Structures are given as C-alpha cells and as structure tokens.
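Colleague: please find the sequence and the predicted model below.
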Amino acid sequence: MVLSTFIIGLVSHAFLVQNQYYSTQTLRTSAQDNVRTATELMAREIRTTAGGGVVVAGARTLTIRSPIAVGVVCGQEITSGRHIHTEGGPAGFDSDEVGGVAVRSGTTWTFQNTTWAAINGSDSQSATRCYDNGADTTGAYSEFHRLNGLDVLFGTAPNEGDLVMLFRETTFKIQASQLDPTTLGLFRSQYGGALTEFATGIDATAQFQYRTGGASYADTIPGAAIDDIDAIRIVADARLPAPTGGQDDVRFGWSVNVALRNIQ
C-alpha cells in the first residue's frame, strides 16, 4: 500500500506538472497570436500614412490619416464644385470611412476633416466636363465625380491638375481593457466614431514610439517635429494571468517597426 501510494503520488505530480506546462504553452501561444494579429492590422494602416498625416503622436495615443482614394481635378464649375477622377470612382471605396479631404500643393498635403455626405456632388456630367478638358473617359465614365465645398474647407478651391485625396482618420489608443481590467487593451476608432477594443491582454510596457530620422525612437515628439516622423514602433507586449497552479503571469515581448512609405 505504501508503494502504491508513492507511485500514485508520482504519477499525479507528473500529470499536474504536464498539465500546467500545457496550459502555459497554450496561453503563451494565445498571447503571441493576439499581439501579432493586432499589430499587423495596425501596421497595414500606419504604413500608408501620407506625408503630414500624423495628427497625434503620444506614448499611448496615435492618430493618423491614410489615403482612401487619390484623384486629380479635371474640371470645375463656376461655383465651388470640382470634378475629379479617382480609380474605381465612388464605388471603389467605402464612403463611410471618409474622414476628410486633402489637397496637395507642391510637396505638401493640406488636410481638412469632413464627411463624404458633406462634399459629395454626385454629378452625372463630371465625365463630360473632364472629357471637354482633354481627359480620357473611355470605359471609365463612372470614375469621374464632383466634390463640393472645397473653397469653404481650404479658403480657395483647387485648380485643374491639382491632386486631391480622400482620407480616413484613425485613432489607436492603449488604455485599460474593457474585457479584462487587469490588463491593457488596444482600441481603434475612425473619425467621429467611438473607440472599439480589438485586442486585450496587453502589458503595461505597451506604447507607441517615433523616429524622426536616424536610428533612435522616442515616445515624446515635440509638436514642431511631428511632420518629421518617418517610422513608428508599436510596442505591444502581451501579458495573461498565470494558469491554474502557476505563479507567474505569461508574458510575451513584441514590437513592430513600421516605416511610413508615403511621407514624401
């Protein structure tokens, strides 16, 4: 009986150790997948940020403007209306994502927040007006449309040949998780919308860092240097509570460096 008790004790201990190891590995895999998926989603959007498109650059809050559609002014009305051509036309993007419009002057984009409903002219004659100015409209009639109110937004409406960009404005924020208040979460919102949590289990070390040339990153950028940001680092270390029987939380260090490819 003593021998049997000893053997049962060894087997039970081995089972518990193995079970704890398996639980820890499962949690570690979950943490890795969580932060990798979340940061890849962020990186795809951050990577397309236009020059001058970083609006807020804080350690826990990042707001960027990324292109939805870029077109050229190919006709104008006597009023403020401007006819433009974008690849795919209005059907080629989700108008609900439009957070504003920008006009390029030289090498600089000037941004103004607005909604698609406020600037959409829905003019069926846009293709004809642009054709009269020499635009090739063959097979692309629906890709021409009118934007209104640009003179109000920018002080003066853009001229024919100027570039116009429809952009989305996205805010990413690191704050206390709504799903697990013991950890942080990654939140996302579009212009005018509420923050939505899309990743949880983020450690207190999580932050955004910024590079303005060279190789070093900082989590604090002077306002005058915000347009000089050429890369953003997402530090999203993961942390999950210890499995049953474990003593230490499961942690996973993770960061992603994202070069802004459209800064010029």
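Modeller: It's in. If you're wondering where the values come from, they're calculated on a predicted model, not measured in any experiment. Residues are numbered from 1 along each chain as shown.

Colleague: how about the contacts made by I202?
Modeller: 35, 174, 177, 183-186, 236-239 (CB atoms under 8 Å, 6 or more residues apart in numbering). (C-beta placed from N, C-alpha, C; glycine too.)

Colleague: now with 7 Å?
Modeller: Residues near I202 by CB atoms under 7 Å, 6 or more residues apart in numbering: 174, 183-186, 236, 238.

Colleague: same deal with V98?
Modeller: Contacts of V98 (CB under 7 Å, 6+ apart): 68, 115-116, 166, 168.

Colleague: mind listing which of the contacts of I202 are in strands?
Modeller: 174, 184-186, 238 (DSSP state E).

Colleague: closest to the centroid, which residue in the protein?
Modeller: Most central in the chain under CA atoms, centre = their mean is E45, positioned 3.8 Å from the mean C-alpha point.

Colleague: does it sit in a helix, a strand or a coil?
Modeller: helix (DSSP: H, G, I helix; E, B strand; the rest coil).

Colleague: ok so, going back, tell me the one of the ones in strands among the contacts of I202 nearest T128?
Modeller: Checking the ones in strands among the contacts of I202 against T128 with CB to CB, the nearest one is L186 at 47.2 Å.

Colleague: returning to that earlier point: next, format the contacts of V98 as a markdown table and append pLDDT.
Modeller: Listed next are the contacts of V98 as a markdown table, based on pLDDT from 0 to 100:
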| residue | pLDDT |
| --- | --- |
| I68 | 94 |
| T115 | 95 |
| W116 | 95 |
| L166 | 96 |
| R168 | 94 |
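
Colleague: ok, and the most crowded of those residues?
Modeller: In terms of neighbours by other CB atoms under 10 Å, these top out with L166 at 24 neighbours.

Colleague: pull up the gap between that one and V98, please.
Modeller: From L166 across to V98, the span is 5 Å (CB to CB, to the nearest Å).

Colleague: overlap in contacts, those two.
Modeller: I68.

Colleague: coming back round to it: state the pair within the contacts of I202 that is farthest apart.
Modeller: I174 and A238 (12.5 Å).

Colleague: these two - which one has more neighbours?
Modeller: More crowded of I174 and A238, by other CB under 10 Å: A238, with 28 against 23.

Colleague: closest to A127 out of the ones in strands among the contacts of I202?
Modeller: L186 (42.7 Å).

Colleague: the closest one reaches G201, doesn't it?
Modeller: No. Contact status for L186 versus G201: not in contact, 9.7 Å apart, counting by CB atoms under 7 Å.

Colleague: nearest to N120, out of the ones in strands among the contacts of I202: which one, please.
Modeller: Closest to N120, out of all of those and judged by CB to CB, is L186, at 32.1 Å.

Colleague: beta partners of that closest one?
Modeller: I174, A199 (DSSP bridges).

Colleague: helix or strand next in line after the helix or strand bottoming out on mean pLDDT in the chain, which one?
Modeller: Least confident helix or strand, the chain: helix 2-47 with a mean of 63, by mean pLDDT, DSSP states H and E. Remark: after helix 2-47, the chain's next helix or strand is strand 54-57, criterion DSSP states H and E.

Colleague: what does stretch 171-179 rub up against?
Modeller: Applying CB under 7 Å, 6+ apart, the contact partners of stretch 171-179 are 42, 60-63, 183-189, 195, 197, 200, 202, 206-207.

Colleague: now swap in stretch 138-146 and tell me
Modeller: With CB under 7 Å, 6+ apart, stretch 138-146 has contacts from 81-91, 121-123, 126-127, 130, 137.

Colleague: gap between the closest residue to A135 other than its chain neighbours and D123?
Modeller: Closest residue to A135 apart from its sequence neighbours, by CB to CB, 6 or more residues apart in numbering: C74 at 4.7 Å. Taking CB to CB as the criterion, C74 is separated from D123 by 12 Å.
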